[in-house]
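S.K.: missing the sequence, but the structure's below:
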């Protein structure tokens, strides 16, 4: 692998506007997957050092590449200084860690990268090492050329995005004085069954993630003498109320634009409801969309019971019962406001409702004209006629903390995939090899345009 990588790096073109070499980028991706960057393995710093070595070999100054250890993980920051210090920096973002993978469940060892049948297999191939490799390769090429942007560019790679996000919070706090952030771990393109690009989404918002524990207690007693305070019964009533409740429908600039652009593509009654809700906010249209799991997250906050714990013996009245409720909160709604609503629904003064961890809420980013045009032009340059639309994600990425810090953030992954090939966090995760050259060209165009030549 080392020899192949060295040869690929040496083969990088030196033209003033050449994007990075696809062979070099693929070599970086393959080597990245081999690092077991799962929580607790302690290999994130090693991957950060590997990326740093590529950037320094391309001409990054020692002081412009910083690895910051944080416990057993780390962050990486790499900067190309801009010519105009009055301009706020452009941030590029990704994460080096991956979710756990049991080799016994996989067809191939998840941490031994394999190229087969047009795909690269391995844990983290899609989430998020593909685009991290593309960004590292692109920035190395730009530095190799001696390109100096008007605006400073800083690549920020977090080390625990899949778990605690402590590194993400630290990066967001340190680099909050930025013009915007382009996150490689969001958005991206869709290929049809024939492998042709049909849709690209720019992720400009995320629903906030929060978990709540709702608990009930009672002195308990012998099961032969039931009492009216049985915590399991009280818990069951609370769960029924939560299950029956629908949070009010909500819209913003992002979801309105997305629903309008999706309406014709989806078609039928659902497409008509999309258009009606986008245009008028019709609650009946929102209810139609909420009947479809793939669309409910676009129109309202959702809370769902995910785990329950109760009792201590088969022949004893339970002394406690607890349900965990997972909420995906519409941008602009506070976590405390959702807790207040859950308190109303439970309607039991003796119940305890606890927010788990330290969740953070953030609003959607504005649909900036410069971002929409630059990314749209870069995407259509590689796939003419593709629909480019804004999107809101139901899951959380590093963008959450940057948006909360006031940095507009946009998911602009360069990865195009078929829906049936998406196995992030799942078995036999893979990415197609065929799009690497186009991904590099996309990143090159976007970075040059938004940082300024």
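M.R.: That came through fine. Every value quoted in this text rests on a predicted model; they were computed, and no experiment measured them.
S.K.: only C-alpha atoms from now on, for both contacts and neighbour counts.
M.R.: OK.
S.K.: am I right that residue 138 is in a helix?
M.R.: Yes. Secondary structure assignment places residue 138 in a helix (DSSP: H, G, I helix; E, B strand; the rest coil).
S.K.: grab the nearest non-local neighbour of it.
M.R.: In space, not counting the residues next to it along the chain, residue 138 is nearest to residue 20; the distance is 5.3 Å by Cα to Cα, 6 or more residues apart in numbering.
S.K.: secondary structure element holding the one you found?
M.R.: With elements delineated by DSSP states H and E, residue 20 resides in a region that no helix or strand encompasses.
S.K.: how about the contacts made by residue 240?
M.R.: Taking Cα atoms under 8 Å, 6 or more residues apart in numbering as the criterion, residue 240 is in contact with no other residue.
S.K.: from residue 61, how far out is residue 93?
M.R.: Residue 93 sits 20 Å away from residue 61 when distances are taken as Cα to Cα, to the nearest Å.
S.K.: the more surrounded of the two?
M.R.: Shown here are residue 93 and residue 61; by other Cα atoms under 10 Å, residue 93 has more neighbours (25 against 14).
S.K.: can you tell me the SS state at that one?
M.R.: Three-state assignment for residue 93 (three-state DSSP): strand.
S.K.: SS state for residue 74?
M.R.: Per three-state DSSP, the secondary structure class of residue 74 is strand.
S.K.: quickly list what it is bridged to.
M.R.: Here residue 74 shows beta-bridge partners residue 69, assigned using DSSP bridges.
S.K.: ok, now how distant is it from residue 31?
M.R.: 18 Å.
S.K.: which one's more surrounded, those two?
M.R.: residue 74 (25 against 19).
S.K.: and that one, what pLDDT?
M.R.: You'll see residue 74 listed with a pLDDT of 98.
S.K.: same question, the one 5 residues further on
M.R.: Listed pLDDT for residue 79 reads 98.
S.K.: need phi/psi at it.
M.R.: Listed backbone geometry of residue 79 is phi -120, psi 140, with angles given as degrees, to the nearest 10.
S.K.: how about it, what does it touch?
M.R.: Contacts of residue 79 (Cα under 8 Å, 6+ apart): 60, 64-65, 152-155.
S.K.: just the closest of those to residue 120, please.
M.R.: Of all these, the one sitting nearest residue 120 is residue 155; the distance, using Cα to Cα, is 24.2 Å.
S.K.: now that closest one: how far from residue 141?
M.R.: Distance from residue 155 to residue 141, counting by Cα to Cα: 14 Å.
S.K.: mind checking how far the spatially most central residue of the chain is from residue 203?
M.R.: Residue closest to the average C-alpha location in the chain (Cα atoms, centre = their mean): residue 397, at 3.4 Å. Residue 397 sits 10 Å away from residue 203 when distances are taken as Cα to Cα.
S.K.: next: residue 392.
M.R.: 6 Å.
S.K.: next, show the common contact partners of residue 397 and residue 203.
M.R.: Here residue 397 and residue 203 have residue 186 as joint contacts, going by Cα under 8 Å, 6+ apart.
S.K.: buried subset of the contacts of residue 79 as a ChimeraX selection?
M.R.: Only the buried entries of those go into this ChimeraX selection, using 16 or more other Cα atoms under 10 Å:
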select :60,65,152,153,154,155
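S.K.: show me where the stretch 101-250 of the chain has strands.
M.R.: For the stretch 101-250 of the chain, strands defined by DSSP state E, counting those that start in this stretch occupy the ranges 114-116, 119-121, 153-158, 180-183, 188-191, 197-206, 208-217, 221-222.
S.K.: cool, the stretch 251-400 of the chain as well?
M.R.: Ranges of strands in the stretch 251-400 of the chain, per DSSP E, counting those that start in this stretch, are 302-310, 316-317, 320-329, 352-355, 387-393.
S.K.: among the ones you listed, which comes closest to residue 254?
M.R.: Each of the strands of the stretch 251-400 of the chain was checked against residue 254 via Cα to Cα, and the shortest separation belongs to strand 387-393, namely 6.2 Å.
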